[in-house]
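Student: any chance you can model this:
(one chain, ligands or ions: 1)
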Amino acid sequence: MAKPTYVANVTVFDGIKVRKRQGVLFGAEGIQWVGAHPRAPKDARDARVVDGDGKTLLPGLIDVHVHLQFDGEADFEKEARDLTTPGFAALKAMVNAKRNLDAGVTTVRDLGGMGGASIDVARAVAAGIVPGPRILAAGRALTVTGGHGHSIAFSREVDGPDAVRAAVREEIRAGATAIKLIATGGVLTPGIPATFSAFTAEELEAGVREAHERNLSVAAHAIGANGVRAAVLAGVDSIEHCNQLTASTAREMVARGTFRSPTICAVRGILDHADRVAAYAVEKARAIEDDSRKALRTAVRTGVRPVCGTDAGTPFNTHGSAPQEIVHMAEWGMPPLDALRAATANGAELLRLAHVGTVEPGKQADLVLVDGDPVEDPRSLLARKRVWRAGRPV
Ligand SMILES: [Zn+2]
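Tutor: Coordinates of the predicted model:
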């Protein structure tokens, strides 16, 4: 049996709060002990000791919105066209999964890709065949006929509650461990507006019911205010993007416990490289930028719980960008502590993963050690770090 690891005299962000001068003992079986460093148990003496002075230990990050089969090329449509076979898609997903892990992202939710390629990579990681973060994969996203993503392999077109229900069942049969509903238009699909409402209330409810019966989280891609509201009322678990948010819908999200995933990396990736991204996408991203900033402030003020979703794979938004998303959320006005909770405890709750997301005895030892204190300065997450996945160093 491998030696356990003891991180000594370290600041711990446990997923909820911060404590100084802590010690954390863990191994492949999980986290064994957390407490004040001077009171470390005897076992800690026999462990491999890591000096945590001046550093912060936190749970492995959780990115609830990635597209593992996409690398973040400037020309999103071309990258989508080039995804011609599931084998090629799986190879790309495998490499991008590892990029997430190296960046301290130990759990991801893949919200749309070709067929079952990401599902296969999730299985390969779980079986220990390839290294990677824990992957929950939605298989193909569900969209209305002619809706966002209809022209590329990452989604399937369905209309009517019965068809939505059947499609959710089929994705689950294919191995999906999350469900993605595209509730409005989108930025990266040419020829359609970003904000129109897509699925009807009945369609959304049919999809949500089916997924919840199987204890799977439901993510709704929703940009426009009406589509956001419809998805919230239908009972989805997270609103992805959520660029337009009224105060009344924000209150509804608080009451229902709906998480908000602001995906700022996606907007920034496009706007910060406007000269190299397709003009239609830049135009639509520009049109929602102000709304997005306002929506984040509304959410913070109202108490909507955030999760960290990067939409990695979209233009200039490469994998492993969860630390950057935390920095962006703080820059846009979220208290850093909340941005860190978003990427840890909240993400685990959304994804219904009881064994990760916090630093507590009994939890899996998915851990990240960074220099400095990310609560004081989230940019410390961007620098080099040590990562453990299930107690083993990455
Ligand atoms: Zn996405």
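Student: pretty sure residue 2 contacts residue 28?
Tutor: Yes: with contact defined as Cβ atoms under 8 Å, residue 2 reaches residue 28; the gap is 6.1 Å. Any C-beta I mention is one placed from the backbone N, CA and C, and that applies to glycine too.
Student: more neighbours: which of those two?
Tutor: residue 28 (14 against 10; other Cβ atoms under 10 Å).
Student: residues in contact with stretch 280-296: which ones?
Tutor: Residues outside stretch 280-296 that contact it (Cβ atoms under 8 Å, 6 or more residues apart in numbering) are 76, 187-188, 190-191, 193-195, 223, 241-245, 262, 264, 267, 270-271, 274, 315, 329, 332-334.
Student: filter these down to the buried ones.
Tutor: Buried by 16 or more other Cβ atoms under 10 Å: 76, 187-188, 194-195, 223, 241-245, 262, 264, 267, 270, 315, 329, 332, 334, out of these.
Student: looking at this structure, which helix is longest?
Tutor: For the chain, the longest helix by residue count, based on DSSP state H, is helix 279-302.
Student: so what's residue 334 closest to, chain neighbours aside?
Tutor: Excluding the flanking residues, the one nearest residue 334 by Cβ to Cβ, 6 or more residues apart in numbering is residue 300, at 5.5 Å.
Student: okay, domains of the chain per the record?
Tutor: 5-59+358-393, 61-350 (automatic domain parsing).
Student: turn these into a markdown table, columns for mean pLDDT.
Tutor: Compiled in a markdown table, the domains of the chain are given as follows (pLDDT from 0 to 100):
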| stretch | mean pLDDT |
| --- | --- |
| domain 5-59+358-393 | 97 |
| domain 61-350 | 97 |
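Student: so what's residue 1 scoring on pLDDT?
Tutor: Note on residue 1: pLDDT of 64.
Student: tell me the spacing between the one residue sitting closest to the centre of the chain and residue 101.
Tutor: Taking Cα atoms, centre = their mean as the criterion, residue 64 is the residue nearest the geometric centre of the chain, at 1.7 Å. To residue 101, residue 64 is 16 Å away according to Cβ to Cβ, to the nearest Å.
Student: so what's residue 215 up against?
Tutor: Contacts of residue 215 (Cβ under 8 Å, 6+ apart): residue 352.
Student: sorry, wrong one. I was asking about residue 379.
Tutor: Going by Cβ under 8 Å, 6+ apart, residue 379 touches residue 327.
Student: could you look up the SS state of it?
Tutor: helix (DSSP: H, G, I helix; E, B strand; the rest coil).
Student: with residue 162 instead?
Tutor: helix.
Student: was I right about it contacting residue 207?
Tutor: No: contact status for residue 162 versus residue 207: not in contact, 11.2 Å apart, counting by Cβ under 8 Å.
Student: tally of neighbours for residue 214?
Tutor: 12.
Student: how far away is it from residue 139?
Tutor: Residue 214 sits 13 Å away from residue 139, going by Cβ to Cβ.
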